[in-house]
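> fold the stuff below for me.
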Amino acid sequence: MSAADGPLVVGVDSSTQSTKVLVVDVATGATVARGQAPHTVTSGAGRESDPEEWYRALREALAQCGDAARRASAVAVGGQQHGLVTLDAQGRPVRPALLWNDVRSAPQAARLVDELGGPKAWAERFGSVPGASFTVSKWAWLAEHEPEAAKATAAVRLPHDYLTGRLTGDGTTDRGDASGTGWWASSTEAYDEDVLARVGLDPALLPRVVAPGEVAGTVTGGDLPLAEGTLVAAGTGDNAAAALGLGLLPGTPVLSLGTSGTVYAVSRNRPADPSGTVAGFADARGDWLPLACTLNCTLAVDRIAALLGLDREAVEPGGTATILPYLDGERTPNLPDAAGLLTGLRHDTTGGQLLQAAYDGAVHALLGALDRVLDADADPAAPLLLIGGGARGTAWQETVRRLSGRAVQVPEAGELVALGAAAQAAGVLTGEDPGAVARRWDTARGPLLEPVERKDVETLERISGVLSGAAPLLGGGNG
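Now for the predicted structure:
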């Protein structure tokens, strides 16, 4: 940890598995203190967490930061996207939150797409075609399957909204996270009363959308180790926060390897992909963040390594096996009811080759979406920024290089979501653009891995062929 030269800010990353906190020096970008505490997530088709546990984790992570957190002048929360948090009239959770990777609402998503004119109409109006991950689908599922819980709901929040509200006492969100709900229309940058009426959700239950750079409120006491009156920025969703943390300029591609896998880039053009592959999210600054997401990434590959009794790096080249590691259903391609699939097994297939096939299968969908994410303004020679928990793994790096044919840059800065939240907090404190703050902190600095000579076209084509032929077995969708 470093001594501070300037004012301090707190950046929070409330992810699927844990809450992480960084206390950052605004002048230098140095991390002066950090903390982390875990969350509990249910398993199976229903993925849920208790929002009160997120708050307890935030409190514990801040306490680990000691006096540095109490001296901070501003704070912002980056959080997992899409989750549905329902609160009663006293502000207590009505039930556990439905998380982004809960796929039970796939039928409701399909029905909503049909009712509002199909994928093209949704893309033009909302920027995205909703799937099971989107909050609007989850609310429709709740209203249908747990009507008493829906009736008891006095406020609807996203995960980052919930924690920001615990800090300020007010109901706020930002355009970045709101754009992943399915009820905030990117064409108007406002809540859409038509879709809200269709799912029976009163707009009065939704948070106010705070503009980029606007202060959401101040810390209003409570039992957190933050000074009362500390400025609270709007916060945002985790991917928009990571884009802030990188100081991302338009056209630079990012591939994030975490519980989910994502590819995205900042764009000045509002996205509208009728295929549904690319979600047309807003970013946290006023631009756009076209993004494609898979549900199965590092955890799925680690699970296959564990089943094989292998270290995650114990990959071997060669072989004819193909693995589609859709252990939690899948979002890209749209196969919410799918399970993992293995084909091409031979007597001489090794465990290491099977593990490499799992890596290949996980990366395949992300690279397939990359061309859709990047628009005409993108630089085709720009290195692919590799971030997330898997980014430092050699097997992940080499798989991405081999299958993409692109140069890969691995930023040295860790915890980019928390750093992006810290940059947002610094922005409300100093009036700076948070992306410029992150660039001043040089957060994207890291080793550049040169492109390999030739893309592994054969592997990509084999996976695409298996996916196409197995679509009925995997549950249909648009694979």
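> distance of the residue with the largest distance to the centre of the chain from Thr332?
Distance from the C-alpha centroid of the chain peaks at His347, with 39.5 Å (CA atoms, centre = their mean). Distance of His347 to Thr332, computed by CB to CB, to the nearest Å: 34 Å. To be clear about C-beta, it is placed using only N, CA and C from the backbone, and glycine gets the same treatment.
> could you do Val373 as well?
Relative to Thr332, Val373 is positioned 11 Å away (CB to CB).
> who's in contact with the residue lying closest to Gly435 once chain neighbours are set aside?
The shortest distance from Gly435 to any non-neighbouring residue, by CB to CB, 6 or more residues apart in numbering, is to Gly247 (4.8 Å). Applying CB atoms under 8 Å, 6 or more residues apart in numbering to Gly247 gives the contacts Ala423, Gly435, Ala436, Val437, Ala438, Arg439, Arg440, Trp441, Thr443, Ala444.
> sorry, back to before: the residue farthest from the centre of the chain: what's it in contact with?
Contact analysis of His347 by CB under 8 Å, 6+ apart lists nothing.
> so it, which of the three states?
coil (DSSP: H, G, I helix; E, B strand; the rest coil).
> for Leu460, same thing?
helix.
> tell me, how many residues neighbour it?
Using other CB atoms under 10 Å, Leu460 has 18 other residues around it.
> quick one: it from Ala426, how far?
For Leu460 relative to Ala426 (CB to CB), the value is 41 Å.
> isn't there a strand covering Thr86?
Yes: Thr86 sits within a strand when classified using three-state DSSP.
> just the pLDDT for the residue farthest from the centre of the chain.
At His347, the predicted lDDT confidence score is 97.
> look up phi and psi at it.
Backbone geometry at His347, expressed as degrees, to the nearest 10, gives phi -60, psi -30.
> got it, and Leu324?
phi -100, psi 100.
> skipping adjacent residues, who's closest to it in space?
Leaving out its chain neighbours, Leu324 is closest to Leu341 (CB to CB, 6+ apart), at 4.4 Å.
> Glu53 now?
His39 (5.6 Å).
> number of residues surrounding the one you found?
19.
> got it, and Gly46?
Here the count is done by other CB under 10 Å, and Gly46 has 12 residues near it.
> ok so, going back, show me just the buried residues among the contacts of Gly247.
Restricting the contacts of Gly247 to buried positions leaves Ala423, Gly435, Val437, Ala438, Arg439, Arg440, Trp441, Thr443, Ala444, with burial counted as 16 or more other CB atoms under 10 Å.
> tell me the secondary structure at Ala426.
At Ala426 the chain is in helix, as set by three-state DSSP.
> can you list the residue ranges for helices in the stretch 351-479 of the chain?
With DSSP state H, counting those that start in this stretch, the ranges of helices along the stretch 351-479 of the chain come out as 351-373, 394-404, 416-430, 434-441, 457-474.
> quick check: closest non-adjacent residue to Ala339.
Closest residue to Ala339 apart from its sequence neighbours, by CB to CB, 6+ apart: Tyr326 at 6.4 Å.
> got a pLDDT number for the one you found?
Reading off the model, Tyr326 has pLDDT 94.
> show me what contacts Thr262?
Residues in contact with Thr262, defined by CB under 8 Å, 6+ apart, are Asn239, Val254, Leu255, Ser256, Leu291, Ala292, Cys293, Thr294, Leu366.
> where does it fall, secondary structure wise?
Secondary structure assignment for Thr262, by DSSP states H and E: strand 261-264.
> tell me how far that strand lies from the chain's centre.
8 Å (CA atoms, centre = their mean, to the nearest Å).
> what's the answer for stretch 320-327, then?
23 Å.
> who's in contact with it?
Residues contacting stretch 320-327 (CB under 8 Å, 6+ apart): 295-296, 299-301, 303-304, 335, 338-346, 349, 353-354, 357-358, 360-362, 462-463, 466-467, 470, 474.
> check whether the residue nearest to Glu53 really touches Thr16, as I assumed.
Yes: counting by CB atoms under 8 Å, His39 touches Thr16, with 7.1 Å between them.
> give me the common contacts of the two.
Common neighbours of His39 and Thr16 (CB under 8 Å, 6+ apart) are Ser49.
> give me the low-pLDDT residue ranges for the stretch 251-400 of the chain?
Nowhere does the stretch 251-400 of the chain drop to pLDDT under 70.
> show me where it has strands.
254-257, 261-264, 279-282, 288-294, 322-324, 341-343, 384-387 (DSSP state E, counting those that start in this stretch).
> how far away is the residue nearest to Glu53 from Leu58?
Where Leu58 is concerned, His39 sits at a distance of 10 Å (CB to CB).
> what distance do you get for Asp102 to His82?
Distance, Asp102 to His82, using CB to CB: 9 Å.
> what is in contact with these two at once?
Shared contacts of Asp102 and His82, defined by CB under 8 Å, 6+ apart, comprise Lys138.
> looking at the strands of the stretch 251-400 of the chain, spot the one closest to Asp194.
Proximity to Asp194, assessed across the strands of the stretch 251-400 of the chain by CB to CB, is greatest for strand 279-282 (18.0 Å).
> can you show me the CA trace of that closest one as PDB?
Extracted C-alpha coordinates of strand 279-282, given in PDB (Å, rounded to 0.1, in the frame of the first residue of the first chain):
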ATOM      1  CA  ALA A 279     -26.700  -5.600 -25.900                       C
ATOM      2  CA  GLY A 280     -26.900  -1.900 -26.600                       C
ATOM      3  CA  PHE A 281     -25.900  -0.700 -23.200                       C
ATOM      4  CA  ALA A 282     -25.200   2.900 -22.300                       C
END
